[in-house]
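S.K.: quick one, fold the following:
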Amino acid sequence: SFGGVQVSVTSVTASGIVCATPVPGAEATVDFAIVALENDEETGLPREPIVLSTEYAYFDMSQVQVSLLQPPGAPQGQTGGIISVAGANFTDYGALRVRFGDRAVVAATQPDALVSELLAELPYLSPYDETGAVPLEISLNGQAYTSSGLAFTLYTAYVDFAFPTGAPLGAAQAVTLFGTGFRDLGVARCFWSALGGGATEGAVVLETGASVDEAAGTAVCSAPDEAASGTYNVSLSLNGGVDLVPAYFLDTEVTLYRPEDLSVTRIAPPGGPAAGGTVVTVFGTGFADYGAGQLCCAFGGSGACDVPATLLAATPLGATRVRCTVPAAAAAGSVALDVTVNAGLDGSTTDSGLRFWYYPVIAVDSVTPAVGDAAGGTPATISGSGFTGLSAATVGYGADPASFLRVRFGTTATA
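M.R.: I've put the predicted structure just below:
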C-alpha cells in the first residue's frame, strides 16, 4: 500500500516481497505498508496494515540532473579510483548507484545531504576490453536512472618514448610523448619529477599542461619555468592528474636547461668562401644532442635549424663543441652564427654576437720564384687577390685571423 493505494505483490521469497509502485500524480511523501487481505482470526476484522515507512517518496526523475564528472575518464585495468558526480536534486533513497553504460553499475554515497554530489569507486574493467566513451547516469533508488547524456571515457593507454630528450625551461612545446591509446579528455597534464643534475632528486613534482592528439598518438608537454635545470622523468595523465599513464618500454627522461646557459664563444675557422662548404667547429657552452634533427647551426640570426650539426667531445677545459658545414651565401660579408639544440625552439638558440665571414673566391696570380730547392726552405712570394678576406673577422680568445692562412704545395704539403 502506497499512501492507501494498494497494488498486487509481484513475488514473495523467504527474504523479500517485490511489488511495483502505482503511478503517482505528483511528487509526494506517503506511507508505505504491507497489507494482508484477510481477517484477523480472533476479531474477525480485516487485519491492520503493517506500516514500514512514513517517508516513501515519489520524486520527479526529470529534475535529477548530472552536470559534471571528475575525472571525465579513467584507465581500464586499475582499481581504487574514485569518481565524483555532481548535479542537481540528489537525494539518497537508500540505493544510490552510478551506471557506466552497459559495462558496470556500482554503489555510490552522498557525503553531504545538502550537496548534490555522489562519490563512487570506479569499477575494475579489463584493459583488453573495448575502450571509448560510455554514457554515465545515476540512480537515487537503484532502478530509475537519469538521462543527462554525459559520457565517461574508458581507455587503455601507455607511453612509449619521449622526444626530444631535452628542452629549455618554460618552453610551451617542450617534449612530445608518443604512445598508444591516448584520449583527449581536455584535462591532460604532465608531471616532472627531478632525477638529478641541478634539480634536486626527490623534490616536489612539477605539473604543466599538455595537449593530446588522439590520431597521432601524441601528447605535447610544456616545460615548467619555475624549476632548476637538470634531468627529469616526465609522466602523463589524461584525466587531470588522477591516474598516470604507464611507460612500458623506454624511460621518459628529459633534460631541462636554462636558455642563458647556451653560448657561442669561438668559431674555427672564422670564415670561408661565399660558395659555402666550409666545415666549422663552434665552441661554446651548453651544447648537447637531444635527438635526431635537434642540434643545428643557425645563420644570419634566423634562430632556425639551417644545417645539421654534430656534437664533438668537450675540450679539456669543459667547453662544448659542435661541427657543421656552412651553406652558400648570396654575397661576401658576415652573418651571425649560432647553435640551436632544439631545432630552433624558442629559448634553444644562442645569441652570442659572433659572426662567420664569407669572402669572395681567392685567386693566385703568380709565385716568385717559380722553382726552389727540393729540400725545402726557399722563400716564395705569392701574388693574387682575396687574401685579406678574414682581416675583419672576430675569432675569439684573441686569435689572429691571419693564423688561419695556409699555402698548399701539390696535394699534401702545406706551409
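S.K.: list the contacts for His326?
M.R.: Quick fix: residue 326 reads Val, not His. Listed by C-beta atoms under 8 Å, 6 or more residues apart in numbering, the contact set of Val326 reads Gly272, Gly276, Gly277, Thr278, Val279, Val280, Cys297, Phe299, Val307, Phe356. (Glycine included, C-beta is placed from N, CA and C.)
S.K.: now, which of those sits nearest Pro316?
M.R.: Taking C-beta to C-beta as the measure, Pro316 sits nearest to Val280 out of these, at 20.5 Å.
S.K.: same for the strand or helix carrying that closest one, what does it pack against?
M.R.: Here Val280 sits within strand 279-285, counting by DSSP states H and E. Using 3 or more C-beta pairs under 8 Å, 6 or more residues apart in numbering; DSSP states H and E, the elements in contact with strand 279-285 are strand 263-268, strand 320-325, strand 333-340.
S.K.: ranges for the strands of the stretch 101-250 of the chain?
M.R.: If you assign secondary structure with DSSP state E, counting those that start in this stretch, the strands in the stretch 101-250 of the chain sit at 104-109, 117-121, 132-139, 151-155, 158-163, 166-168, 175-180, 189-196, 206-213, 218-221, 230-237.
S.K.: how about the most centrally placed residue in the chain, nearest residue that isn't a chain neighbour?
M.R.: Nearest to the mean C-alpha position of the chain, by C-alpha atoms, centre = their mean, lies Cys221 at 3.1 Å. Nearest-residue entry for Cys221: Cys190, 3.6 Å, with adjacent residues in sequence omitted and distances by C-beta to C-beta, 6 or more residues apart in numbering.
S.K.: now do the same contact list for the one you found.
M.R.: 175, 177, 207-210, 219, 221-222, 234-237.
S.K.: are any of the residues you listed buried, and which?
M.R.: Buried by 16 or more other C-beta atoms under 10 Å: Val175, Leu177, Thr208, Ala210, Ala219, Cys221, Ser222, Val234, Ser235, Leu236, Ser237, out of those.
S.K.: same list (those residues) but as a markdown table, adding pLDDT and distance to Phe2.
M.R.: Listed next are the buried ones among the contacts of Cys190 as a markdown table, based on pLDDT from 0 to 100; distance: C-beta to C-beta, whole Å:
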| residue | pLDDT | distance to Phe2 |
| --- | --- | --- |
| Val175 | 97 | 62 |
| Leu177 | 97 | 57 |
| Thr208 | 96 | 57 |
| Ala210 | 97 | 53 |
| Ala219 | 98 | 54 |
| Cys221 | 97 | 58 |
| Ser222 | 97 | 59 |
| Val234 | 95 | 59 |
| Ser235 | 95 | 54 |
| Leu236 | 96 | 53 |
| Ser237 | 97 | 48 |
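S.K.: about what we covered before: looking at the helices and strands packed on strand 279-285, which is buried most?
M.R.: Across these, averaging neighbours per residue (mean count of other C-beta atoms under 10 Å) puts strand 333-340 on top, at a mean of 21.
S.K.: report the distance from it to the chain centre.
M.R.: Strand 333-340 sits 33 Å away from the centroid of its parent chain (C-alpha atoms, centre = their mean, to the nearest Å).
S.K.: can you start the count at 554 instead of 1 from here on
M.R.: OK, 554 is where the count begins now, so the last one is strand 886-893.
S.K.: got the angle between that strand and strand 816-821?
M.R.: Using axes from the mean of the first three to the mean of the last three C-alpha atoms, to 10 degrees, the direction of strand 886-893 lies 130 degrees away from that of strand 816-821.
S.K.: before we move on, back to that, for Asn694, state which of the contacts of Cys743 is nearest.
M.R.: For the contacts of Cys743, the nearest to Asn694 is Ser790 (34.7 Å; C-beta to C-beta).
S.K.: report pLDDT for Leu672.
M.R.: At Leu672, the model reports a pLDDT of 98.
S.K.: does it really touch Asp665, like I thought?
M.R.: No: in this structure Leu672 lies outside contact range of Asp665 using C-beta atoms under 8 Å: 10.4 Å.
S.K.: in the stretch 754-903 of the chain, where is pLDDT below threshold?
M.R.: The model of the stretch 754-903 of the chain has pLDDT under 70 over residues 754-757.
S.K.: could you redo the last one with a cut-off of 80?
M.R.: Residues of the stretch 754-903 of the chain that meet the criterion pLDDT under 80 lie in 754-757, 801-804, 870-872.
S.K.: and the pLDDT for Ala955?
M.R.: At Ala955, pLDDT is 69.
S.K.: quick one, what contacts Leu890?
M.R.: Val817, Ile820, Val833, Val835, Cys850, Ala851, Phe852, Leu907, Arg908, Phe909.
S.K.: please repeat the previous calculation with a cut-off of 7 Å.
M.R.: Val817, Ile820, Val835, Cys850, Phe852, Leu907, Arg908, Phe909 (C-beta atoms under 7 Å, 6 or more residues apart in numbering).
S.K.: so who does the residue nearest to it when sequence neighbours are not counted touch?
M.R.: Counting by C-beta to C-beta, 6+ apart, Leu890 lies nearest to Phe909, which is 4.2 Å off, once chain neighbours are set aside. By C-beta under 7 Å, 6+ apart, the residues touching Phe909 are Ile820, Pro823, Gly824, Val833, Phe852, Val879, Ser887, Val888, Leu890.
S.K.: which of the three states applies to Phe909?
M.R.: For Phe909, the secondary structure call by DSSP: H, G, I helix; E, B strand; the rest coil comes out as strand.
S.K.: so for it, what pLDDT did the model give?
M.R.: 93.
S.K.: okay, and the beta partners of it?
M.R.: Following DSSP bridges, Phe909 is listed with bridge partners Val888.
S.K.: return the member of the buried ones among the contacts of Cys743 nearest to Thr709.
M.R.: Out of the buried ones among the contacts of Cys743, the member with the shortest distance to Thr709 (by C-beta to C-beta) is Leu789, at 13.9 Å.
S.K.: correct me, but that closest one touches Leu730?
M.R.: Yes: Leu789 lies in contact with Leu730 (C-beta atoms under 7 Å); the separation is 5.3 Å.
S.K.: got any residues that touch both of the two?
M.R.: Residues touching both Leu789 and Leu730 (C-beta under 7 Å, 6+ apart) are Val712, Ala772.
S.K.: now restrict the contacts of Val879 to buried residues only.
M.R.: Listed as buried from these are Gly825, Thr831, Val833, Cys850, Phe852, Phe909; burial here means 16+ other C-beta under 10 Å.
S.K.: show the contacting residues for the first one.
M.R.: The one in question is Gly825. Thr831, Val879, Tyr911.
S.K.: would CSV of the residues you listed with distance to Pro680 be doable?
M.R.: Formatted as CSV, the contacts of Gly825 follow (distance: C-beta to C-beta, whole Å):
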residue, distance to Pro680
Thr831, 56
Val879, 53
Tyr911, 60
